[in-house]
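Q: heads up, no residue letters with this:
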């Protein structure tokens, strides 16, 4: 999830919204302080590690998967609001014109790496979930392009890349659990870094 879309305060508010059902008072304040000190500058796919550190009771550990889903949903909703505001303000689409071929390739290759980690028997259902998420999040006009293809990447505004990668992460968590999702995303990030050293990964994660 890109820090270029949401500032620190907005991300903190989204984290708080996702956790408030499970933590309150001092416990919530401590959890938010820990996130701000240790994780606020890191991509969304390390949120599972953050949650594992603050879930210190059996009850909280049992709720961690639902907790992660709520936190990601809160972040995604806030990012969508920011993206819609940008459209409403009719900002010049200069950044869209400046999307480099390497960035398009890096984004499409990242999605392709994630799809490669999906079991063949799950692939159809997994892709259908992604298409549904795209429609729900306002990207219906792009959902007919092949996922992981350069055409799919080129059809999107650069500001949506991190947003979509996070949505795919959320679906991967639902299929295989947060631990496997963290592993796949960390490996994919290293591969992209090696293949496209000039690409700013902050535009993707």
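A: Sure, I can see it. Source: prediction; values computed, not measured.
Q: residue ranges in the protein under the pLDDT threshold?
A: 1-5, 85-100, 139-145, 203, 205 (pLDDT under 70).
Q: middle-most residue in it, spatially?
A: residue 166 (1.5 Å; Cα atoms, centre = their mean).
Q: against residue 8, how distant is it?
A: 17 Å (Cβ to Cβ, to the nearest Å). The C-beta positions use only the backbone N, C-alpha and C, and glycine is treated the same way.
Q: likewise for residue 165?
A: Residue 165 is 20 Å from residue 8, by Cβ to Cβ.
Q: and if you look at residue 79?
A: Residue 79 is 14 Å from residue 8, by Cβ to Cβ.
Q: and what of residue 181?
A: Residue 181 is 24 Å from residue 8, by Cβ to Cβ.
Q: out of these two, which sits in the busier spot?
A: Remark: of residue 181 and residue 8, residue 181 carries more neighbours, 23 against 11, as counted by other Cβ atoms under 10 Å.
Q: surely the more buried one touches residue 171?
A: No - counting by Cβ atoms under 8 Å, residue 181 stays clear of residue 171, with 9.1 Å between them.
Q: helices along the protein, start to end?
A: Counting by DSSP state H, one finds helices in the chain at the ranges 8-19, 25-38, 47-54, 58-62, 64-88, 94-97, 101-116, 123-136, 150-154, 161-176, 178-195.
Q: for those helices, give me CSV that also has distance to residue 202.
A: Listed next are the helices of the chain as CSV, based on distance: least, Cβ to Cβ, whole Å:
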stretch, distance to residue 202
helix 8-19, 14
helix 25-38, 18
helix 47-54, 17
helix 58-62, 31
helix 64-88, 14
helix 94-97, 14
helix 101-116, 11
helix 123-136, 22
helix 150-154, 17
helix 161-176, 8
helix 178-195, 11
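Q: most tightly surrounded among those helices?
A: helix 161-176 (a mean of 21; mean count of other Cβ atoms under 10 Å).
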